[in-house]
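J.: Just need the structure, nothing else, for what follows:
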Amino acid sequence: MKINKKYFFPLLILSFLFGNFIFGAFFSSAQNNNEKDNLPTITGSFSKDSLKVGKHIPFKVVFVHNYDKEVIFADSTYNFEPFEWVKTNAFPTQTDSKGIATDSAIYWLRTFELDTTQTLKLPVFVLDQKTGDTLKYFTEVSTKQTEFVLSKSALQNMLQKDSITFYQNTTFLEIPRFTNYPLYGLIVVVLLAGVILFFVFFGESIRRGYRLKRLQSQHEKFIQEYANQLKRIENPEATDHTLGMWKAYIEKLKNEPFTTYTSSEISRLTKNESLGQNLKVIDRAIYGGQIDNNTELALQNLKNYAINIFEKRLAELRVTSEDDLNKKAKKQNSSVEKQVEKRNRKLNQEENV
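T.: Numbers count the residues shown, from 1 in each chain. So this is what the prediction gives:
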């Protein structure tokens, strides 16, 4: 078969181009397969030439792998000895058209060790979804020289316990005192306002409770002393003393001058005939010396009368305010004063006659 010279050169050029295409595709596929066979790869390195004690230094980790792998970098819980973890900067995954993914992170670390040379290697964890196993890939050991602000020997001497010198300063330093007068003034004002408000709302109840307590205490004292006195009424003087005790107590209860009244005046002012009869029996015992069972009975009746007056007074205090009691007491005193004045006028007229 003969080829026309007219088509020979075009066919030769097409054959050459087609061969190059087939060879390039084959070579690229082989190269990709070769790259994927070499995955994953991991590298780690310090980003600075040297370490400084206490200063932050970055350590970069790059992990290249197939895109379908789940990769986990070490976190703050990992042991970075001889370094201390400060923070981590993680970067998003970069995936190219060939399906090769690149993950990277920068660890910021610091060290306080005094070793001249310090090394570090970090892992990357890959989770196998088929088997559930976790594979570890470590960076190569990275080594760095340590720089010291002071010389190593000077630092070691400073850190030795025996070389530390303590200086004692016992000079007295007087600290000026500051008095916060506005704060103290505010506290005083608040306390005063609280006390005033307390007495405005609860003052009457407190005063009433105090009066009730005092009245009950006086009554108990009177009952005790009166009972002891009743055991010693064998003579007119003891009977007169018991009657005087009774008058003094009734005077406190009724706020009237009972100690200045005679028995007949008490009977007339109280309008109590039974009380008048008992007082007459006691007068006969005092002035006539007729002390018998009737005398003791009359004194017992006086005590019962005092108890009745006490109970009425107690009921008044429980339901009546202090102002009402004062008004009532003034009114009673005015009425008693008029009666006393009338009695004195009558006595004067009798003396003149």
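
J.: low pLDDT regions in the stretch 201-350 of the chain?
T.: Applying pLDDT under 70 to the stretch 201-350 of the chain flags residues 320-350.

J.: Show me the strands in the chain, by range?
T.: Secondary structure of the chain (DSSP state E): strands located at 41-46, 50-52, 57-66, 70-73, 84-90, 94-95, 100-110, 117-120, 123-127, 134-138, 142-147.

J.: In the second one, which residues are buried?
T.: Residues of strand 50-52 classed as buried under the neighbour-count rule (16 or more other C-beta atoms under 10 Å) are L51. Where you see a C-beta, it was placed from the backbone N, CA and C, and this is true even at glycine.

J.: most centrally placed residue in this structure?
T.: When the chain is reduced to its mean C-alpha position, the nearest residue by C-alpha atoms, centre = their mean turns out to be I187, at 20.3 Å.

J.: And the pLDDT at that one?
T.: What the model reports as pLDDT for I187 is 94.

J.: so how far is N180 from it?
T.: Using C-beta to C-beta, to the nearest Å, I187 is found at 10 Å from N180.

J.: same thing with I307?
T.: According to C-beta to C-beta, I307 and N180 sit 59 Å apart.

J.: Give me the more crowded residue out of these two.
T.: I307 (13 against 9; other C-beta atoms under 10 Å).

J.: Quick one: residues contacting the more buried one.
T.: 219, 223 (C-beta atoms under 8 Å, 6 or more residues apart in numbering).

J.: Could you say which one of the strands of the chain comes nearest to L197?
T.: Nearest to L197 among the strands of the chain is strand 84-90; the distance by C-beta to C-beta comes to 57.8 Å.

J.: ok, and what's touching that closest one?
T.: Strand 84-90 is contacted from outside by 56, 73, 75-76, 78, 104-112, using C-beta under 8 Å, 6+ apart.

J.: Quick one: the helices in the chain, in order.
T.: In the chain, the segments counted as helices under DSSP state H are 5-37, 152-159, 181-230, 236-254, 263-270, 273-288, 293-319, 322-352.

J.: Now the buried members of the contacts of strand 84-90.
T.: 73, 104-105, 107-111.

J.: quick one: which of those residues is nearest Q229?
T.: R110 (96.7 Å).

J.: hang on, isn't the closest one packed against K55?
T.: Yes - under the criterion of C-beta atoms under 8 Å, R110 makes contact with K55 at 6.3 Å.

J.: Make CSV out of the strands of the chain and add distance to A285.
T.: Output for the strands of the chain, formatted as CSV (distance: least, C-beta to C-beta, whole Å):
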stretch, distance to A285
strand 41-46, 122
strand 50-52, 116
strand 57-66, 116
strand 70-73, 114
strand 84-90, 107
strand 94-95, 126
strand 100-110, 110
strand 117-120, 118
strand 123-127, 116
strand 134-138, 116
strand 142-147, 118
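
J.: Including distance to A238 and mean pLDDT, could those strands go into a markdown table?
T.: What follows is the strands of the chain, written out as a markdown table (distance: least, C-beta to C-beta, whole Å; pLDDT from 0 to 100):
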| stretch | distance to A238 | mean pLDDT |
| --- | --- | --- |
| strand 41-46 | 115 | 87 |
| strand 50-52 | 109 | 77 |
| strand 57-66 | 110 | 89 |
| strand 70-73 | 109 | 88 |
| strand 84-90 | 100 | 90 |
| strand 94-95 | 120 | 87 |
| strand 100-110 | 103 | 90 |
| strand 117-120 | 111 | 85 |
| strand 123-127 | 110 | 89 |
| strand 134-138 | 111 | 87 |
| strand 142-147 | 111 | 76 |
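
J.: And those strands: which comes nearest Y249?
T.: The nearest among these, by C-beta to C-beta, is strand 84-90 at 89.7 Å.

J.: and the angle from that closest one to strand 57-66?
T.: Angle of strand 84-90 versus strand 57-66, following axes from the mean of the first three to the mean of the last three C-alpha atoms, to 10 degrees, is 40 degrees.

J.: how far does strand 84-90 sit from the chain's center?
T.: Computed by C-alpha atoms, centre = their mean, to the nearest Å, the chain-centroid distance of strand 84-90 equals 39 Å.

J.: In its sheet, which strands sit next to that strand, and in what direction?
T.: strand 100-110 (antiparallel) (DSSP bridges).

J.: Could you write out the alpha-carbon coordinates of the partner strand in PDB?
T.: The C-alpha coordinates for strand 100-110 follow below in PDB (Å, rounded to 0.1, in the frame of the first residue of the first chain):
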ATOM      1  CA  ILE A 100      -4.600  14.800  48.300                       C
ATOM      2  CA  ALA A 101      -5.500  16.700  51.500                       C
ATOM      3  CA  THR A 102      -3.100  18.800  53.700                       C
ATOM      4  CA  ASP A 103      -3.800  19.600  57.400                       C
ATOM      5  CA  SER A 104      -1.600  21.900  59.400                       C
ATOM      6  CA  ALA A 105      -1.400  23.500  62.800                       C
ATOM      7  CA  ILE A 106       1.000  25.700  64.800                       C
ATOM      8  CA  TYR A 107       1.700  25.000  68.400                       C
ATOM      9  CA  TRP A 108       2.900  27.800  70.600                       C
ATOM     10  CA  LEU A 109       5.100  26.400  73.300                       C
ATOM     11  CA  ARG A 110       7.500  27.600  76.000                       C
END
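
J.: now it and strand 41-46, what's the angle there?
T.: 30 degrees.

J.: residues making contact with strand 100-110?
T.: Taking C-beta under 8 Å, 6+ apart as the rule, strand 100-110 contacts 35-36, 39, 47, 54-67, 69, 71, 73-74, 80, 83-91, 93-95, 120, 122, 124.
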